[in-house]
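Engineer: Let's see this in three dimensions:
(4 chains)
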Number of protein chains: 4
Amino acid sequence: MLKVAIVGGSGYTGLELLRLLARHPEVRVTAITSRRYEGREVTEVFPSLQPYRGLAFTAPEPAALAGQAEFFFTAVPHQAAMKVVPGLLAAGGRVVDLSADFRLRDRQTYEAWYQAHEAPELLDEAVYGLPEVYGPRIAAARLVANPGCYPTSALLPLVPLLREGLVAPEGLVIDSKSGASGAGRGASLATAFCEVNEAFRAYKVGEHRHTPEIEQELSAAAGRPVVVNFTPHLVPVSRGIFTTIYADLARPGTGTAEILACLEAFHRPHPFVTVLPEGTLPNVLHVRGGNACHIGARVDPRTGRVILLSVIDNLVKGAAGQAIQNLNLMAGLDPASGLDITGLCP
Amino acid sequence: MLKVAIVGGSGYTGLELLRLLARHPEVRVTAITSRRYEGREVTEVFPSLQPYRGLAFTAPEPAALAGQAEFFFTAVPHQAAMKVVPGLLAAGGRVVDLSADFRLRDRQTYEAWYQAHEAPELLDEAVYGLPEVYGPRIAAARLVANPGCYPTSALLPLVPLLREGLVAPEGLVIDSKSGASGAGRGASLATAFCEVNEAFRAYKVGEHRHTPEIEQELSAAAGRPVVVNFTPHLVPVSRGIFTTIYADLARPGTGTAEILACLEAFHRPHPFVTVLPEGTLPNVLHVRGGNACHIGARVDPRTGRVILLSVIDNLVKGAAGQAIQNLNLMAGLDPASGLDITGLCP
Amino acid sequence: MLKVAIVGGSGYTGLELLRLLARHPEVRVTAITSRRYEGREVTEVFPSLQPYRGLAFTAPEPAALAGQAEFFFTAVPHQAAMKVVPGLLAAGGRVVDLSADFRLRDRQTYEAWYQAHEAPELLDEAVYGLPEVYGPRIAAARLVANPGCYPTSALLPLVPLLREGLVAPEGLVIDSKSGASGAGRGASLATAFCEVNEAFRAYKVGEHRHTPEIEQELSAAAGRPVVVNFTPHLVPVSRGIFTTIYADLARPGTGTAEILACLEAFHRPHPFVTVLPEGTLPNVLHVRGGNACHIGARVDPRTGRVILLSVIDNLVKGAAGQAIQNLNLMAGLDPASGLDITGLCP
Amino acid sequence: MLKVAIVGGSGYTGLELLRLLARHPEVRVTAITSRRYEGREVTEVFPSLQPYRGLAFTAPEPAALAGQAEFFFTAVPHQAAMKVVPGLLAAGGRVVDLSADFRLRDRQTYEAWYQAHEAPELLDEAVYGLPEVYGPRIAAARLVANPGCYPTSALLPLVPLLREGLVAPEGLVIDSKSGASGAGRGASLATAFCEVNEAFRAYKVGEHRHTPEIEQELSAAAGRPVVVNFTPHLVPVSRGIFTTIYADLARPGTGTAEILACLEAFHRPHPFVTVLPEGTLPNVLHVRGGNACHIGARVDPRTGRVILLSVIDNLVKGAAGQAIQNLNLMAGLDPASGLDITGLCP
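Structural biologist: Numbering: from 1, shown residues only, chains lettered A, B, ... in the order given. Below is the predicted model:
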């Protein structure tokens, strides 16, 4: 059994890591930290987690943590992660970091969108934790930067098509819609039930911090710099990201079947990605609670564009599930270990 | 008092017309027809409409209808509308038709997207009922074709910018999200609570019938043919349309302020359209139940595009409220008569 | 035009008072106070309220307030209300207080459930503002204590039956379900979207502060002390209270028709209360946004009980609408003035 | 591996059985029948079930079925179940029937609430499938009648207290609230999104068919006939039942701790039932998607009653999960086999 600790476990990501790890046959959670809930039982804070009776939150003591586990999920906010990760690595731990701190390989880009970086020496070493793209490198990594939820939903359909040159890297529109859990577990008027229910709105238009992360990976796939329009929206559901992508076809006559064949060829080996047959469109309800990504596509010959549609659960394939998938790769386990759950529908 | 009849009143549009007309100081509803509910009290079918105690649904008898009112709202499906409207006009009535049958001026386009037209002689006469664009012609019309809900949300922000040449007419992306009432009041698995709740999906990608209607009016505004990508999505809210539009700036350096000034100049005289100040984005929750349209905009200088965002209540400004606004114009009343309601928030 | 001020207008009650008063033909809102939003435009905080462009929140200055209006809605929390109301009265104003501070006639009961009372001299004078029960006294009052939302939903069906002796005053069960706006407009984890959506729970079982208010008025109706089980629950809707009441029949053979006849006789003169016909049950969706109360009843002869079911919109008939109804009575206006709105359904 | 077939698998119960059995280590689903979807892939109808690629619905051929499996879940409507179950038993199969056809031991009661029974000879043999009450008898049964969702939520808290004589069997009020999936997977106006969303209503007051089932089991626990008031309500959530029970204390001074101790003693051996500590109340969100039942209690000394609160997921502990729990008992497996899932929260 792997000994695993969760650093910063009081949010929905911590809750979700515990939910999924409860069924992982090779993992034992040895510690979960939270300043806010220090000393309180996990089941008291999260009554859905009855299997964890007896486990309590502890304060995050860097010195103590190192000895408690071999693998660490760091689920603290960006800027906090860069303070805790180096110590865990130095003590011999391996880390999947769920913050944004190690996702951008270019320090200047990071500092332009976030703030000064305090552990820039790790940026080169950190591996971008999208298993469908970086599987072998993840397996060997000490530090994996778990991707953002929006980037995951955008990259899984776009990377194969850019790599194969089926769509043009210019003029991409990425219109994403996310459930409310993406905003985290906290008290704010903006995420109050009465403000989100029966509402629908965009936010951070043209300035969301997932933009450079998307562009970094699309540029790598295209082999040249890619700039995108990315617009996130808030949907009154608890979970789920739906991303609609508009891409110019590189060659005018390309049909839907050709696009789907390219996606299917790329993703066939990937246990969590399903390319839907022509005529079938994805729905966030079909992946809720599971680690799946469903992708659909349709060419519009009138405009010479392909419309790509993808869905994930932002807390699973967009966060905790993908982190466990990365852990499995790092530890040499079956990539689907502990993740054999289907969506909860309805 | 104007005598007004509603033909085909058993759906949400009929319900909504009654809700709004209950407070209209110049209108009396003299008849509401429904084959399905013939003989039943309106309050029995729609218990929210207690002010209508005593009014019952009648069968739609064309001969009888003509004598019952001066103005008619026809709220029957497309293809049914073209059968009933000519008779109402011939008997001297004036009609606001809420179906798609008289929205497209070009018969061939109509027949390509729908089916054969049985009253093509009225296509030239019918006026497209978007008051912000066709106000004077609506005032003089016998037959007004009430716009579709999606087109209303797309045209109000785009028409001014295309007319003024601020955005390019090529490459437009219109990504719309609608509440479930847009699918009508009926029994189907696709609109069952458990299939819509916690779900989000696109539908009719590249083939929705509102596409030619949008293109007709954008072409008129641009002065040349416009083709768009239009993608509708289903949001788990009862009411509301949110439309996100991606448009290339005609001139690279145009800023958000310039875009907003153009929109503001065009819509200042329009009582129901609010152009939001820079930095403020619309939300469907802010227009629920009212006839308002809120528009926001933001230029993304990185890509040379402007992102336009608009919200309406699909049943009000997208259907019944706009129909009453058209009635007010046709009857020479204050355009806001009976429509002085603010959104229900939360 | 009556000059009316709203003291404490930054919550949903303030928003709702403004929404409804926007259409009131006899009222002009001269001031709305909020420490939090002092100096900000109302439309900036509440974008749905476009008709109020130009009105800004002011700080609550007791001295200044008195001269700004004849009537005051005090929408501040309990304990704050008792500090501001005496001054408004002393300066000649008339007040509808939406807090709990003046609802309980008995000071000891108030202090047992709340805290020390600082204006106990007003408890005798204050009139409990349930128009269907205290109409004439409200008309003459200087200070009206607007009822709680739960009590309104419980009293409208129970008062007539207790007065007429059709149900026993012992053993009453009042099981209420409220939408989330009842918790107010604020930032808390307990009312966050992800905690309320897809959730259902009870709270304050046996200890909710509306209990003594319900018992005070039921005791008055029954002519002897009444003690009840009252359990509030939280429903994932924004608006609406549904109350299910279980009452022992006073005489075993009483039928549903007799119960409904008693309710109908009592409520026939009341413009906002509808007693539904036998076999029809109420639904919060049918009263959303309006000032209506719908009541249904069904006798279960197997157990000798009647089940009463009532619905209101907690923000309207349960708060702002009822306050305006009280204002109308106090000012000698038509009780329905400004309240001629039907529910927003769907 | 046990060979298991699902008869009538096109509804939410069939979907849910497949979801849960996908992870069951000892079960292989050999057939799933549906007249409606005959020949179609399971993943085409239920895209969330990707692990079942390759499995298709078949027509329910009684002769063929018998040879396909050792255990059968019959998930057809009542009245249909009594036609198919006898044949499956005769061919040597063992059956968990999810309909109401074999839940009532008394034929007359069944026929009073439903219709004529066509297999009354099985009523004596069938075991009521509530594992916490009938575990050993279930283990030996050929035919298990899986309880209704409402009864499950009412019996788990009430049976222990009635058995121990802590509450009086007279005057019980059972006020239940269910999510929309309880109404099944079908097309009807009453369960359309726009009719359920933002709505809350009661239905079948005093006449719901789960009433005699509840009374049968409460009578068995109390040792004398019990009659109850049972009122179901519809909550706008997809899953979950919340039941609020009002019971007179048998002895006035009984406290909350004593009630909880009795519940805890009874349920300690039961892997899926959690009795919450004093001061903690259940929430349907905490059991969504899992087989758990959470129970809370609070004595109200003012009225001499205890308020009991219980939550389950109606599709899991209220249907498919409980059916699998029964299968595990019948097959001599670990009762929690395949059911080691925690609730999906949020």
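Engineer: Give me every residue in the stretch 1-150 of chain A lying close to chain C.
Structural biologist: Contacts of the stretch 1-150 of chain A with chain C, taken as C-beta under 8 Å from any C-beta of the partner chain, map to A:Y12. For glycine as for every other residue, the C-beta is placed from the backbone atoms N, C-alpha and C.
Engineer: Give me every residue in the stretch 1-150 of chain A lying close to chain D.
Structural biologist: Residues of the stretch 1-150 of chain A lying near chain D (C-beta under 8 Å from any C-beta): A:Y12, A:L15, A:R19, A:A22, A:R23, A:E44, A:F46, A:P47, A:S48, A:L49, A:Q50, A:P51.
Engineer: got it, and the stretch 201-346 of chain A?
Structural biologist: Counting by C-beta under 8 Å from any C-beta, the residues of the stretch 201-346 of chain A near chain D are A:238-239, A:274, A:276, A:280, A:282-283, A:285-290, A:292, A:294, A:340-346.
Engineer: Among these, name the ones in strands.
Structural biologist: Of the positions in those, A:T274, A:H294 sit in strands, assigned by DSSP state E.
Engineer: can you narrow the residues of the stretch 201-346 of chain A next to chain D to ones near chain B?
Structural biologist: Among those, chain B is touched by A:S238, A:R239, A:P282, A:N283, A:L285, A:R288, A:P346 when using C-beta under 8 Å from any C-beta.
Engineer: Select only the buried ones of the residues of the stretch 1-150 of chain A next to chain D in ChimeraX?
Structural biologist: Here is the ChimeraX command that selects the buried residues among the residues of the stretch 1-150 of chain A next to chain D (16 or more other C-beta atoms under 10 Å in any protein chain shown):
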select /A:12,15,19,22,23,46,47,48,49,50,51
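Engineer: Looking at the residues of the stretch 1-150 of chain A next to chain D, which is nearest C:V173?
Structural biologist: Using C-beta to C-beta, the shortest approach to C:V173 within these belongs to A:P47, at 26.4 Å.
Engineer: follow-up on the earlier one: need the ones next to chain B among the residues of the stretch 201-346 of chain A next to chain D in JSON lines with pLDDT and neighbour count, can you?
Structural biologist: Formatted as JSON lines, those follow (pLDDT from 0 to 100; neighbours: other C-beta atoms under 10 Å in any protein chain shown):
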{"residue": "A:S238", "pLDDT": "98", "neighbour count": "28"}
{"residue": "A:R239", "pLDDT": "98", "neighbour count": "31"}
{"residue": "A:P282", "pLDDT": "98", "neighbour count": "25"}
{"residue": "A:N283", "pLDDT": "98", "neighbour count": "28"}
{"residue": "A:L285", "pLDDT": "98", "neighbour count": "26"}
{"residue": "A:R288", "pLDDT": "97", "neighbour count": "28"}
{"residue": "A:P346", "pLDDT": "96", "neighbour count": "25"}
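Engineer: And for A:A202, the neighbour number?
Structural biologist: Residues contacting A:A202 under the criterion other C-beta atoms under 10 Å in any protein chain shown number 25.
Engineer: Dihedrals phi and psi, it?
Structural biologist: Here is the backbone geometry of A:A202 (degrees, to the nearest 10): phi -100, psi 160.
Engineer: Just the strands from the stretch 1-150 of chain A, written as ranges.
Structural biologist: A:2-7, A:27-32, A:71-74, A:94-97, A:127-128, A:143-145 (DSSP state E, counting those that start in this stretch).
Engineer: and those strands as JSON lines, adding distance to C:V95 and mean neighbour count?
Structural biologist: Output for these, formatted as JSON lines (distance: least, C-beta to C-beta, whole Å; neighbours: other C-beta atoms under 10 Å in any protein chain shown):
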{"stretch": "strand A:2-7", "distance to C:V95": "54", "mean neighbour count": "23"}
{"stretch": "strand A:27-32", "distance to C:V95": "52", "mean neighbour count": "20"}
{"stretch": "strand A:71-74", "distance to C:V95": "55", "mean neighbour count": "26"}
{"stretch": "strand A:94-97", "distance to C:V95": "57", "mean neighbour count": "26"}
{"stretch": "strand A:127-128", "distance to C:V95": "63", "mean neighbour count": "22"}
{"stretch": "strand A:143-145", "distance to C:V95": "60", "mean neighbour count": "27"}
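Engineer: and these as TSV, adding mean pLDDT?
Structural biologist: Converted to TSV, those look like this (pLDDT from 0 to 100):
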stretch	mean pLDDT
strand A:2-7	97
strand A:27-32	96
strand A:71-74	98
strand A:94-97	98
strand A:127-128	98
strand A:143-145	98
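Engineer: contacting residues for the closest residue to chain D within the stretch 1-150 of chain A?
Structural biologist: Using C-beta to the nearest C-beta, A:S48 is the residue of the stretch 1-150 of chain A that sits closest to chain D, at 3.7 Å. Neighbouring residues of A:S48 by C-beta atoms under 8 Å, 6 or more residues apart in numbering or on different chains: A:L15, A:R19, D:L285, D:H286, D:V287, D:R288, D:G290, D:T342, D:G343, D:L344, D:C345.
Engineer: Give me the number of neighbouring residues for the fifth one.
Structural biologist: Which is D:V287. 32.
Engineer: Quick check, it in contact with D:I295.
Structural biologist: No. Using C-beta atoms under 8 Å, D:V287 makes no contact with D:I295, being 10.8 Å away.
Engineer: any low-confidence regions in chain A?
Structural biologist: Regions of chain A meeting the criterion pLDDT under 70 are absent.
Engineer: Show me how it divides into domains.
Structural biologist: A:2-147+A:317-330, A:150-314 (automatic domain parsing).
Engineer: quick one: which of the residues of the stretch 1-150 of chain A next to chain D is nearest to B:A222?
Structural biologist: For those, the closest approach to B:A222 (C-beta to C-beta) belongs to A:Y12, at 45.9 Å.
Engineer: Going by residue numbers, what spans are helices in the stretch 101-250 of chain A?
Structural biologist: A:107-113, A:131-139, A:149-163, A:193-196, A:210-222 (DSSP state H, counting those that start in this stretch).
Engineer: and these as a markdown table, adding mean neighbour count and distance to A:D97?
Structural biologist: As requested, these are exported to a markdown table (neighbours: other C-beta atoms under 10 Å in any protein chain shown; distance: least, C-beta to C-beta, whole Å):
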| stretch | mean neighbour count | distance to A:D97 |
| --- | --- | --- |
| helix A:107-113 | 14 | 13 |
| helix A:131-139 | 18 | 13 |
| helix A:149-163 | 26 | 15 |
| helix A:193-196 | 27 | 28 |
| helix A:210-222 | 21 | 13 |
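Engineer: Report the closest residue of the stretch 1-150 of chain A relative to chain C.
Structural biologist: A:Y12 (7.1 Å).
Engineer: Next, count neighbours for the residue nearest to that residue when sequence neighbours are not counted.
Structural biologist: Using C-beta to C-beta, 6 or more residues apart in numbering or on different chains and skipping residues adjacent in sequence, the residue nearest A:Y12 is A:R185, 4.6 Å away. Around A:R185 sit 18 other residues, with neighbours defined as other C-beta under 10 Å.
Engineer: try the one 5 residues further on
Structural biologist: Each residue near A:A190 was counted by other C-beta under 10 Å, and the total is 15.
Engineer: for A:G39, same thing?
Structural biologist: 9.
Engineer: so it sits right up against A:V45, yeah?
Structural biologist: No. Between A:G39 and A:V45 there is no contact under C-beta under 8 Å: 11.0 Å.
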